[in-house]
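Visitor: Take a look and give me a structure for this.
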Amino acid sequence: MSRRLAVLVRSLALPLAAAFLAGGAPVEGAPPAAGHAVRVLPLEGEAFEAPLLEITAESLRLEGRDAPVPLAEVRELRFAPDAAPAPLPDSERGLRVVLRGGETVRGSFVTGGAEGITIRPPGLATVRLPFDVIRRVEAEAPTRGPCDEPGRDRPPRPGADVAWTRTGDAYAGTVARAGADGVVVESDGDERVVPWADLLVLHLDEPEMARPQGLAAEVDTAGGSRWTGTVTKFSSDGLAVRTRSGLEVVVPREALVVVRWSGGRFVYASDLAFTSTFTPYYQDDLLDPAWLERWYGARADRTPGGCPLRVGGVSHRHGIAVHSASKVELPLDGGYARFEARFGIDDEALEASEGPRGDVTARVLADGREVWTSGGSVKGGEAARVVGPIDVTGVAKLVLEVGFGAEQHQMDRADWADPVLVRSK
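Guide: Now for the predicted structure:
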């Protein structure tokens, strides 16, 4: 493919950066304007609220506090309550675009060409997305729920782009351009137009970027987009983010929902390269182990079925979701001092029409030594149990085990939610 990553700098970074500066970026040395109260969830201690004055590369400045709060000590900065993104207008072509750096951009298709597409996220300015930074494009629909993953059972094809349609066809080749009529896929000199109305998911043959090293931010917007990268500016107008994929994005204050940090003093265990094993209750030689692992094996930040994590009515952005019986191995290599989490049956299990809705046991092993146990059955609908804090100083491998409870069945879906590992000093 002849895509050039340099298109990104010309088509996106400069216009958005200029728009932000024209909109009133804070002047060096000038006191920032006081903002409305935000909810701060620190690494240590209870959450609190305070007016936000400034975000720098290293800390938060809050009204009423003499000392800045280091970003490395902050888990979350919440501007507004969580809310389901509103459906895009039916008259517009709704798209959900996943970028190479893990960013998710949700909006309406505006225009396109040979270099990429332009979409309009709710509450944000239009954004041009070069094909070089796109991994997947999914069609939005009024009936689409938070657990729908059209790209999961319509996989990518190594070495080619592939467009899957609602009618069940798949067209592989190279995306030549996009326009008002749809996406054009070229293969062996022939071109085929996949109309937007028929497109279900488009995979682009672009690699995922490696996870960032060091402190990183994750910014959620009210329109359903998620930007991951570094916060570069904050003012009364909004938040500027340099994303992992190289985009410069400005999120207006009214569109901000939450900013999460990790990679400083702590990381989420779900971001580590963990390994897992799933053992079904019913052993059957006809069951394909690879299929079982795909649909029942451990998964980071979503349930094996594709839903966001939720235990006892409380949502969790980060975690490791499993199905009993499971064993998750985390490589610590002696680099961490403390582990803590929440554990419980995911609310997904409560959808069972009858019978037990999740019943498991759980324990944590540090280099083979049991350091936490559930002390019996954990059932669906219960509030999440507190795990730790557990001293893991010098531990090479941490194992999270989930076993069968007293009433074994297929709805034993459990979450290790908000699994935080604090680094050794």
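Visitor: from here on, contacts and neighbour counts on C-alpha atoms
Guide: Noted.
Visitor: Strand partners (parallel or antiparallel) of the host helix or strand of Phe343?
Guide: Take DSSP states H and E as the rule and Phe343 turns out to sit in strand 336-345. Pairing partners of strand 336-345, with direction, according to DSSP bridges: strand 385-391 (antiparallel), strand 413-423 (antiparallel).
Visitor: from those, which stretch is densest packed?
Guide: With neighbours taken as mean count of other Cα atoms under 10 Å, the strands paired with strand 336-345 reach their highest mean count in strand 413-423, at a mean of 26.
Visitor: For the spatially closest residue to Gln213 that is not a sequence neighbour, give its distance to Ala72.
Guide: In space, and not counting its chain neighbours, Gln213 is closest to Gly263: 7.0 Å by Cα to Cα, 6 or more residues apart in numbering. The gap separating Gly263 from Ala72 is 7 Å, by Cα to Cα, to the nearest Å.
Visitor: where does Leu350 land in three-state SS?
Guide: Assigned by DSSP: H, G, I helix; E, B strand; the rest coil, the conformation of Leu350 is helix.
Visitor: My guess is it contacts Asp359. True?
Guide: No - shown here, Leu350 and Asp359 do not form a contact pair, counting by Cα atoms under 8 Å, at 11.3 Å.
Visitor: what about those two, which has more around it?
Guide: Ranked by neighbour count (other Cα atoms under 10 Å), Leu350 and Asp359 place Asp359 first, with 26 against 17.
Visitor: Quick check: the more buried one touching Gly403?
Guide: No - with contact defined as Cα under 8 Å, Asp359 does not reach Gly403; the gap is 9.0 Å.
Visitor: three-state assignment of Leu292?
Guide: State at Leu292, reduced to three classes by three-state DSSP: helix.
Visitor: burial measure for it, as a count.
Guide: 13.
Visitor: Let me know the pLDDT of the nearest residue to it once chain neighbours are set aside.
Guide: Distances taken as Cα to Cα, 6+ apart put Phe278 closest to Leu292, at 7.8 Å, once the chain neighbours are dropped. Listed pLDDT for Phe278 reads 88.
Visitor: circling back: out of the strands paired with strand 336-345, the one nearest Arg61 is which?
Guide: strand 413-423 (23.2 Å; Cα to Cα).
Visitor: Which residue is the nearest non-sequential neighbour of Thr243?
Guide: That would be Gly229: by Cα to Cα, 6+ apart, it lies 4.1 Å from Thr243.
Visitor: Just the element for the one you found, please.
Guide: Element membership of Gly229 [criterion: DSSP H and E] is strand 226-235.
Visitor: Can you name the residues in contact with that strand?
Guide: The contact list for strand 226-235, computed with Cα atoms under 8 Å, 6 or more residues apart in numbering, reads 24-26, 32-33, 54-57, 101-105, 216-220, 239-244.
Visitor: Drop anything exposed from those residues.
Guide: Neighbour counting with 16 or more other Cα atoms under 10 Å marks 25-26, 32, 54-55, 101-105, 216-220, 239-244 as buried within the contacts of strand 226-235.
Visitor: Between Gly263 and Ala72, which contacts overlap?
Guide: The contact sets of Gly263 and Ala72 overlap at Leu215 (Cα under 8 Å, 6+ apart).
Visitor: any idea how far the residue nearest to Thr243 lies from Trp372?
Guide: Using Cα to Cα, Gly229 is found at 34 Å from Trp372.
Visitor: Looking at the two, which is more packed in?
Guide: With neighbours defined as other Cα under 10 Å, Gly229 and Trp372 compare such that Gly229 has more, 23 against 16.
Visitor: what sits opposite that one in the beta ladder?
Guide: Beta-bridge partners of Gly229, as defined by DSSP bridges: Ala217, Thr243.
Visitor: how near is it to Leu99?
Guide: For Gly229, the distance to Leu99 equals 12 Å [Cα to Cα].
Visitor: Which of the contacts of strand 226-235 fall within strands?
Guide: 54-55, 104-105, 216-220, 239-243 (DSSP state E).
Visitor: just to revisit the earlier point, beyond the strand holding Phe343, next helix or strand please.
Guide: Later in the chain than strand 336-345, the nearest helix or strand by DSSP H and E is strand 359-366.
Visitor: how far is stretch 252-270 from where the chain is centred?
Guide: Distance of stretch 252-270 from the chain centroid (Cα atoms, centre = their mean, to the nearest Å) equals 10 Å.
Visitor: In that stretch, which residues are buried?
Guide: Quick answer for stretch 252-270 (16+ other Cα under 10 Å): 252-253, 255-270.
Visitor: mean confidence for that stretch?
Guide: Mean predicted lDDT for stretch 252-270 stands at 93.
Visitor: Please apply the same query to stretch 153-172.
Guide: The predicted model assigns stretch 153-172 a mean pLDDT of 93.
Visitor: what do you get for stretch 403-413?
Guide: 80.
Visitor: Going by neighbour count, which residues of stretch 153-160 are buried?
Guide: The neighbour-count check on stretch 153-160 (16+ other Cα under 10 Å) flags Arg154, Pro156, Ala160 as buried.
Visitor: coming back round to it: keep only those of the buried residues of stretch 252-270 that are in strands.
Guide: Members of the buried residues of stretch 252-270 lying in strands (criterion: DSSP E): Pro252, Leu256, Val257, Val258, Val259, Arg260, Trp261, Ser262, Phe266, Val267, Tyr268.
Visitor: Thr373 and Ala362 touch, don't they?
Guide: Yes - contact criterion Cα under 8 Å: Thr373 and Ala362 qualify, at 5.8 Å.
Visitor: Stretch 278-297: which residues count as buried?
Guide: By 16+ other Cα under 10 Å, the buried positions in stretch 278-297 come out as Phe278, Thr279, Pro280, Glu293, Tyr296, Gly297.
Visitor: Please read the previous query as pertaining to stretch 340-358.
Guide: 340-350, 356-358.
Visitor: So for those, which is the shakiest by pLDDT?
Guide: Pro356 (59).
Visitor: and the nearest residue in space to Ile345 that is not next to it in sequence, what does it touch?
Guide: Residue nearest to Ile345 in three dimensions, not counting chain neighbours: Ala414, with 4.2 Å by Cα to Cα, 6+ apart. By Cα under 8 Å, 6+ apart, the residues touching Ala414 are Ala321, Val322, His323, Ser324, Phe343, Gly344, Ile345, Asp346, Gly358, Val360, Val402.
Visitor: change it to 6 Å
Guide: Residues near Ala414 by Cα atoms under 6 Å, 6 or more residues apart in numbering: Ala321, Val322, Gly344, Ile345, Asp346.
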